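# Return a 3D structure for these sequence lines:
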Amino acid sequence: MKIVCTQQNLQRGISAVSHIAGQGGTLPVLQNVLIKAEGGVITFSATDLEIGIVATVRGKTEKEGSFTVSAKILSNVVGLLPGENVELEVKSGNLHIKSGGSKTKINGMDASDFPILPVVAEGNGVHVDTAIFKKALSQIAVAVSQDSSRPELNGMLFKFEDNSLILAATDSYRLAERKTPVLRKEGDGFTGQVIVPIKAIRELLRTAEEISEAHILIAVEDGQLLFLSTDVRIVTRLIEAKYPDYEHIIPKTFQSSVMIQRGELLKAVKAAGLFTQVGVNGINLRLLPEEGKLEVSSQNSQTGENTSTLDISGNGAEGSIVFDYRYLSDGLNTIDQEEVSLAMNDATSPGILRPQGRDDYLYIIMPIRS
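Below you'll find the model as predicted:
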């Protein structure tokens, strides 16, 4: 194998895949990135046997072939090269790298030792707006459970319907759901629901920073899910479990629904969070609709107390509810518009945050009961 490409392209391709290398246990080849030059295309691949990532870059192929080398060493070497053309050539079981006055030889392993990555048919997919999808992933990821003992909650639900994709996650204390539109050809595309591991979601969010095209493709086949852009392909194994039927916990009616400035509420929540009881993290929200006010408060016998009074609009019944301030601030941080809707019933029922005037996203928080 012998290829030539720019340092920038080389670095971009390696960066897209190298993060997953080294996470697949003790199998030595999983520490490596597979470099392949075939048909005028240069690809870089890495896998941990759960997730596989393939990145394509532009370059010149002087001799086709493939080889694997340490992802960490290659990434560090390429990052230190000057910003000009780089030549990579496999000779005598080593990868030789030349650029400017720099020459490097990296020991490697034969490409035949590298695992074969699963193939998911692209025709069984739908297209989603890249920017909307990226935002939706970040909004929902905060609610994914970190408890690996419940694998169904240690991932994100993807529910494919006719013209939409619904993303949802819950850790039993809060729940987030986002609806996004999809584009599909007549009769094409998967319908149904699957659970995507949070590890794959993090890889996709990291990779999405470099995706420039307007849409990406998502396809499902044989327990695998594919994310595909022009230059990057991510295939992940799905979680084989049944996701909880969460819809029944979403209240249909509310005693109180008020509008409030997101930034002001977030500051008040953070201030009250400084004075919560250790291990409880509860702050009190007291709704005073006749006065058009919301009080956010907490107190700690050892450290002190804090109360913020905020202006609200809307209607409802006077009452109080206690939330974990961390979950409430997480929810507020996922909303990217200034005015939010806060809907509640009583002190024992969940509260719901939404962007004001929109019904494509909701964030539910379970109250802390006395």
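# Which stretches in the protein count as helices?
For the chain, the helices defined by DSSP state H cover 7-18, 71-79, 130-141, 198-208, 262-273, 325-334.
# what helices or strands is the fifth one leaning on?
For helix 262-273, the helices and strands in contact under the criterion 3 or more CB pairs under 8 Å, 6 or more residues apart in numbering; DSSP states H and E are strand 282-288, strand 293-300, strand 304-311, helix 325-334, strand 339-344. C-beta: built from backbone N, CA, C; applies to glycine.
# and the angle for that helix with strand 282-288?
130 degrees (axes from the mean of the first three to the mean of the last three CA atoms, to 10 degrees).
# Return the distance of helix 262-273 from the chain's centre.
25 Å (CA atoms, centre = their mean, to the nearest Å).
# Can we start the residue count at 460 from this point?
OK, 460 is where the count begins now, so the last one is helix 721-732.
# What are the buried residues along that helix?
721, 723, 724, 725, 726, 727, 728, 729, 730, 731, 732 (16 or more other CB atoms under 10 Å).
# quick one on the thing from earlier: quick one: which of the helices and strands packed on helix 721-732 is nearest residue 496?
helix 784-793 (42.3 Å; CB to CB).
# what sits up against the closest one?
597-598, 601-602, 632-633, 635, 721, 724-725, 728-729, 731-732, 735, 740-742, 757, 799, 812, 820, 822, 824 (CB atoms under 8 Å, 6 or more residues apart in numbering).
# Reformat the helices of the chain as CSV; add mean pLDDT and distance to residue 683.
Formatted as CSV, the helices of the chain follow (pLDDT from 0 to 100; distance: least, CB to CB, whole Å):
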stretch, mean pLDDT, distance to residue 683
helix 466-477, 94, 17
helix 530-538, 96, 22
helix 589-600, 95, 18
helix 657-667, 91, 10
helix 721-732, 98, 38
helix 784-793, 98, 28
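# Helix or strand, whichever it is, which one in the protein has the lowest mean pLDDT?
Lowest mean confidence among the helices and strands of the chain (mean pLDDT, DSSP states H and E): helix 657-667, at a mean of 91.
# Enumerate the positions of that one that are buried.
657, 658, 659, 660, 662, 663, 666, 667.
# same question, stretch 811-829
Result for stretch 811-829 [16+ other CB under 10 Å]: buried residues 811-815, 820-827.
# Of those, which pair is most distant in space?
815 and 827 (25.5 Å).
# where does the stretch 560-709 of the chain dip in pLDDT?
Counting by pLDDT under 70, the stretch 560-709 of the chain has low-confidence residues at 645-646.
# Could you pull out the strands in it for me?
Under the criterion DSSP state E, counting those that start in this stretch, the stretch 560-709 of the chain contains strands at 561-568, 584-588, 614-619, 623-629, 633-640, 651-656, 674-680, 683-687, 691-696.
# will you turn these into TSV that also has distance to residue 537 and mean neighbour count?
Output for those, formatted as TSV (distance: least, CB to CB, whole Å; neighbours: other CB atoms under 10 Å):
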stretch	distance to residue 537	mean neighbour count
strand 561-568	9	14
strand 584-588	32	21
strand 614-619	32	21
strand 623-629	35	21
strand 633-640	35	21
strand 651-656	29	18
strand 674-680	26	20
strand 683-687	24	21
strand 691-696	18	22
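# Just list the residues touching the nearest residue to residue 465 once chain neighbours are set aside, thanks.
Closest residue in space to residue 465, ignoring its immediate chain neighbours: residue 544 at 5.9 Å, by CB to CB, 6 or more residues apart in numbering. Applying CB under 8 Å, 6+ apart, we find residue 544 in contact with 463, 464, 465, 466, 558.
# picking up where we left off before, out of the helices and strands packed on helix 721-732, nearest to residue 474?
So among the helices and strands packed on helix 721-732, helix 784-793 is nearest, using CB to CB, at 26.7 Å.
# list the buried ones in the closest one?
784, 785, 786, 787, 788, 789, 790, 791, 793.
# hey, C-alpha coordinates of that helix in PDB?
The C-alpha trace of helix 784-793 is given here as PDB (Å, rounded to 0.1, in the frame of the first residue of the first chain):
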ATOM      1  CA  TYR A 784     -32.000  20.700  41.400                       C
ATOM      2  CA  ARG A 785     -29.600  18.800  39.200                       C
ATOM      3  CA  TYR A 786     -32.300  17.200  37.100                       C
ATOM      4  CA  LEU A 787     -34.100  20.600  36.800                       C
ATOM      5  CA  SER A 788     -31.000  22.400  35.700                       C
ATOM      6  CA  ASP A 789     -30.200  19.600  33.200                       C
ATOM      7  CA  GLY A 790     -33.700  20.000  31.600                       C
ATOM      8  CA  LEU A 791     -33.400  23.800  31.400                       C
ATOM      9  CA  ASN A 792     -30.000  23.500  29.700                       C
ATOM     10  CA  THR A 793     -31.400  21.300  27.000                       C
END
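# Pretty sure residue 479 sits against residue 503.
No: using CB atoms under 8 Å, residue 479 makes no contact with residue 503, being 11.2 Å away.
# Can you give me the distance of the residue nearest to residue 465 to residue 518?
Separation of residue 544 from residue 518 (CB to CB, to the nearest Å) stands at 9 Å.
# Can you tell me what sits against the least confident helix or strand of the chain?
475, 478-479, 509-510, 512, 589, 592-593, 596-597, 600, 603, 613-615, 675, 684, 686, 691, 693, 695.
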